[in-house]
Each structure stands twice: as structure tokens, then as C-alpha cells.
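Asker: coordinates only, no sequence provided:
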Ligand code: SAM
Ligand code: SF4
């Protein structure tokens, strides 16, 4: 497809993947995401309406975005989620959703109608008690039932599991066992630092230690490295003979910024060029005052640093002070 040049950054990376956070609220309280002190919610009138989400998305698609992921907070808590989906489905773009799964059963028909088949389903544990400890909510049964439903319905499911030292790392093999019969992908995510999540490098389970554990269990010969898709943030593997696969998202120990094609829009309409950048621009403000939004997009991309918002060395990235002026993950949208 022919596209204009505004989605290139100064490192010649083309940004064809827009992630839109629809809401700051959530029905879970995952300790690695939601600050224990809670968050200051933006006033309702400063959040994008469904019409504004559509208008902004349309401009991005016009300039070359071909994939949009809806996220949050918990995107399915938006009362007008069905309407947003319906509008976006009229654009020439592939749609995907990241969700904790609690409300998925209510939206199956909307998802099907919109042609949305790609689901990232966040589930950090297969144990109900650990689920309560990690998410601070007693919702395991619902989430588990909904996971089964979407698998039975043939959605393309990736499970996102954030690994936390001493909490769920012992479940790595249990997760991989799911891929023996189910054609799903389990993505182990290294715990990342954001404001208010008490991050510490020692709580992160690294790519190297994840692989060591898996190879120790299955034997090195059975762990196949798969070809990663272009711009994939995950390193993909499978156990030979298993239907599904697994992957590791190693933002902390092995960043993958060279091929980054992502740009993020927060629920209150701020455009961000990186998860770790505290610099954001008011795209919604421009739209509401009737100005063109292209200059804002261009500015954000021109400011994009080569690696992790300039926190390129392990020393700068691992200094938690350097993450205090950033938003918490729940207000960015993962
Ligand atoms: N509520 C939805 C969900 O949980 O899927 C969407 C929003 S959530 C912020 C998006 C993703 O970010 C989830 O898969 C979550 O596990 C991940 N995430 C949140 N905080 C994180 C952290 N500190 N490190 C790594 N991943 C994190
Ligand atoms: Fe909510 Fe998702 Fe954050 Fe958990 S990871 S608190 S489900 S937004």
C-alpha cells in the first residue's frame, strides 16, 4: 500500500501499528500494573469518545497504519466498546484486542461481526489462589471459563503472562504444557518498571532463566527456535511435537527496539512514542480545536529515541528513579 512519510521516525522505522488505550479503569488490580496507592483517573470529559477514537484512527490508517490493538485499563469495561469496534471495523486495518478476559463472553458476537480474531489474553497463573494474590480479585473461574470459550470458538489466542520472581515462575512448565494440545501461544513477559509498581530488577525473571528452566525440563533438543514475524517483540519457540508455541518478551534484558513499529495513544488522547518515554503530545486537544493532527504525529515520531526512550544501557534502565516521571502501565495501555 502507498503511504505518506509521516509515520517514519528519525531512525527510519515505519510505524504501522497503533495501540489505542480505551479506558484507565480496570476490574483487576494486578500488582505489577496498578499502583498500590491507586491512580488519579482523568476526568470523563477528557477521555476520547468513540467518535474521536474513530476519527483519529482514520487519519493513522490513511497514512499507513495497518494494525490497531485496543487495550487499556480493561477495554471491555467501556460501555460503548461494541460501538467503537463497529466503527473501527469499517477501516482497512487488522484489529486486535488485549484483555484480562473477565467480560469476554459478553462481546463474542461483536468481535466476530467486526472480524476481530486476534486476542491477547492476560493470565499470569493457572492457580486460583495465586490469581487472587497477583490480581487482588477473585475472578479466576470467570477468566478460565472465558479462555476455554474463546479457544473453542477458534479465536487466535496468545496468553500474556508476566513472570514475577517467587510468585509464578514455577508455573512456566505448566503453561507450556497447555501448548501440547492447544494451538495457542504463551508469551512470558519480563516484569517491566513503571511508576508505582515497586519494580526491582531482582523481581524480573529473565529470558535466559526462562529458557534454562524449559530446556532443563524438556531437553535442549526439543526446544525449537521459530522464525519471528517482522517487527515481532517476542522471541518465539516451540516444543517439538506440540501444537502451540511459546515466546519471551524480554524488554528488560534483551530489548528489541531496532524493529519497533509501535505508537501508542492513551485513553485521554495523548500520543506516545515509547512505553518508557514520559514525553507525550496532546493529539486529542489538537483534534478538538479543529487543527490537523498530522503535525502532532510527526513531532512525536521525530522525538523517538533509538532504544527504550534513551534508557539504553542496563544501568540507566535498571535505575528505578528513571521511571518515576512516566505513567503507570494501567494509564499507558500495554
Ligand atoms: N487489561 C488488559 C489486560 O490485562 O490484558 C489490557 C491492559 S494491560 C496494561 C496490557 C498488558 O500489559 C497485559 O498483558 C499486562 O500483563 C501487561 N503489563 C502490565 N504491567 C506490566 C509490567 N509492569 N510489566 C510487563 N507487562 C505488564
Ligand atoms: Fe488491569 Fe490489565 Fe493492568 Fe491487570 S494488567 S490491572 S487486568 S490493566
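Answerer: Nice, thanks for sending it over. Quick caveat: nothing in here was measured; it's all calculated off a predicted structure. Ligands and ions are numbered 1, 2, ... in the order given.
Asker: can you name the residues that contact residue 236?
Answerer: Residues in contact with residue 236 (CB atoms under 8 Å, 6 or more residues apart in numbering) are 185, 225-228, 245-247. All C-beta spots, glycine's among them, are computed from the backbone N, C-alpha and C.
Asker: correction: residue 17
Answerer: 65-69, 231, 261-263.
Asker: ok, residue 136 next?
Answerer: By CB under 8 Å, 6+ apart, the neighbours of residue 136 are 28-31.
Asker: for the residues you listed, which one is nearest residue 50?
Answerer: residue 28 (23.6 Å; CB to CB).
Asker: quick check, the closest one in a strand?
Answerer: No: according to DSSP: H, G, I helix; E, B strand; the rest coil, residue 28 belongs to no strand; its state is coil.
Asker: count the neighbours of it for me.
Answerer: 21 (other CB atoms under 10 Å).
Asker: leaving out sequence neighbours, find the closest residue to it.
Answerer: residue 135 (4.2 Å; CB to CB, 6 or more residues apart in numbering).
Asker: any idea how far ligand 1 is from the one you found?
Answerer: For residue 135, the distance to ligand 1 equals 9 Å [CB to the nearest ligand atom, to the nearest Å].
Asker: what's the answer for residue 30, then?
Answerer: 6 Å.
Asker: residues in contact with the host helix or strand of residue 177?
Answerer: Taking DSSP states H and E as the criterion, the element that holds residue 177 is helix 172-178. Here helix 172-178 makes contact (CB under 8 Å, 6+ apart) with 126, 159, 161, 163, 184, 186, 188, 210, 213-214, 217-218, 239, 242, 244, 246.
Asker: make it 7 Å
Answerer: 126, 161, 184, 186, 188, 210, 213-214, 217, 239, 246 (CB atoms under 7 Å, 6 or more residues apart in numbering).
Asker: still on that earlier bit, can you flag which of the contacts of residue 236 belong to strands?
Answerer: 185, 225, 245-247 (DSSP state E).
Asker: and the pLDDT for residue 2?
Answerer: pLDDT recorded at residue 2 is 56.
Asker: just use 51 as the starting number from now, easier for me
Answerer: Shifting the count to begin at 51 puts that one at residue 52.
Asker: show me where the stretch 251-384 of the chain has strands.
Answerer: In order along the chain, the stretch 251-384 of the chain carries the following strands (DSSP state E, counting those that start in this stretch): 273-275, 285-289, 295-299, 312-315, 320-322, 330-332.
Asker: out of the ones you listed, which is the most enclosed?
Answerer: strand 320-322 (a mean of 24; mean count of other CB atoms under 10 Å).
Asker: for the longest strand along the chain, give the mean pLDDT please.
Answerer: Ranked by residue count under DSSP E, the longest strand found in the chain is strand 206-213. On average, the pLDDT along strand 206-213 is 98.
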